[in-house]
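Novice: just coords:
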């Protein structure tokens, strides 16, 4: 089946530094990937839609300059949290829809990245 | 606007009890998809079921069953004879056909099954 690999699974960084999270589709090409953020004991909130070869589409309220998304290839999307601060600490998870599947047919999620900013 | 509401924040049951997790959604689209996901403590999302708006048939998969009722905009999930391994957060989600595949999640229901 379709597999999405997300790396790293956990990262601790110092305040003010940047952190890159990778999301890879291992056995399929994903023209579109989605990035979600989840606060403890909260729901998953869509941050942005990542489109291969073009700019990401950000949801309202998400800072584009803080959460940089790059989708340079059909199998890789990256989320960079720039100048991270403790309030950016969260669980970030990506998802992709394998080609040939309809909009509602299936979303494969990565295993998530737990970011802690100290 | 699209919205998913899971009114039950936390549910605690004793093993072997049946439990129903409620999900109510709002959408203006006639074509949409509903999902249930399980999120164990490890954090990954486990896909449980998908339903499209034109298929109101209820579904049973082992101890799991789903009741989709368009008339009440509900898509409830029942676990029969619950087990400790069912303990997790369960999310209901909605995807509208013309929104590019974005998933809108409910707030989640944390289910605790005690032995």
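Specialist: Here it is on my side, so go on. Keep in mind that what you see is a predicted model, and the values were worked out from it rather than measured. Numbering: from 1, shown residues only, chains lettered A, B, ... in the order given.
Novice: Three-state assignment for residue B:85, please.
Specialist: helix (DSSP: H, G, I helix; E, B strand; the rest coil).
Novice: which residues of the chain score low on pLDDT?
Specialist: Picking chain A for this. A:1, A:100-106 (pLDDT under 70).
Novice: Actually, chain B is the one I wanted.
Specialist: Ranges of chain B meeting pLDDT under 70: B:99-100.
Novice: where exactly do the strands run in it?
Specialist: For chain B, the strands defined by DSSP state E cover B:3-5, B:10-14, B:19-21, B:24-26, B:32-39, B:46-52, B:59-61, B:64-69, B:74-79, B:88-96, B:104-105, B:109-114.
Novice: and of those strands, who's closest to chain A?
Specialist: strand B:32-39 (2.8 Å; Cβ to the nearest Cβ). In this view, the C-beta of every residue, glycine as well, is placed from N, C-alpha and C.
Novice: follow-up on the earlier one: please render the strands of chain B as TSV that adds distance to chain A and mean neighbour count to the earlier fields.
Specialist: Conversion of those to TSV gives the following (distance: least, Cβ to the nearest Cβ, whole Å; neighbours: other Cβ atoms under 10 Å in any protein chain shown):
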stretch	distance to chain A	mean neighbour count
strand B:3-5	9	17
strand B:10-14	9	13
strand B:19-21	14	18
strand B:24-26	13	17
strand B:32-39	3	22
strand B:46-52	6	16
strand B:59-61	15	11
strand B:64-69	13	17
strand B:74-79	13	20
strand B:88-96	5	24
strand B:104-105	5	22
strand B:109-114	8	17
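Novice: Which of those sits closest to residue A:115?
Specialist: With Cβ to Cβ, the closest approach to residue A:115 among the strands of chain B belongs to strand B:32-39: 17.2 Å.
Novice: ok, and what's touching that closest one?
Specialist: A:103-105, A:107, B:2, B:23, B:25, B:45-53, B:66, B:68, B:75, B:77, B:88-97, B:103, B:108 (Cβ atoms under 8 Å, 6 or more residues apart in numbering or on different chains).
Novice: switch to 6 Å and redo it
Specialist: Strand B:32-39 has contacts (Cβ atoms under 6 Å, 6 or more residues apart in numbering or on different chains) with A:104, B:45-53, B:75, B:77, B:88-96.
Novice: And stretch A:45-60, by the same measure?
Specialist: With Cβ under 6 Å, 6+ apart, stretch A:45-60 has contacts from A:31-37, A:62, A:64, A:69, A:71, A:74, A:77, B:102.
Novice: Equivalent analysis for stretch B:88-101, please.
Specialist: So stretch B:88-101 is contacted by A:97, A:103-104, B:2, B:4, B:6, B:21, B:23, B:25, B:27, B:29, B:31-40, B:103-106, B:108-110 (Cβ under 6 Å, 6+ apart).
Novice: try it again with 7 Å
Specialist: A:32, A:43-44, A:49, A:97, A:103-104, B:2, B:4, B:6, B:21, B:23, B:25, B:27, B:29, B:31-40, B:75, B:77, B:102-106, B:108-111 (Cβ atoms under 7 Å, 6 or more residues apart in numbering or on different chains).
Novice: and what of stretch B:13-29?
Specialist: By Cβ under 7 Å, 6+ apart, stretch B:13-29 touches B:1-8, B:11, B:34, B:73-84, B:90, B:92, B:94, B:96-98, B:106, B:109, B:111, B:113-115.
Novice: again, 6 Å this time
Specialist: Contacts of stretch B:13-29 (Cβ under 6 Å, 6+ apart): B:2-8, B:11, B:73-82, B:90, B:92, B:94, B:96-97, B:106, B:109, B:113-115.
Novice: Likewise for stretch B:53-73?
Specialist: B:24-25, B:31-32, B:49, B:51, B:75-81.
Novice: ok, now with 8 Å
Specialist: B:24-27, B:29-34, B:36, B:48-49, B:51, B:74-83.
Novice: Nice, that's everything, thank you.
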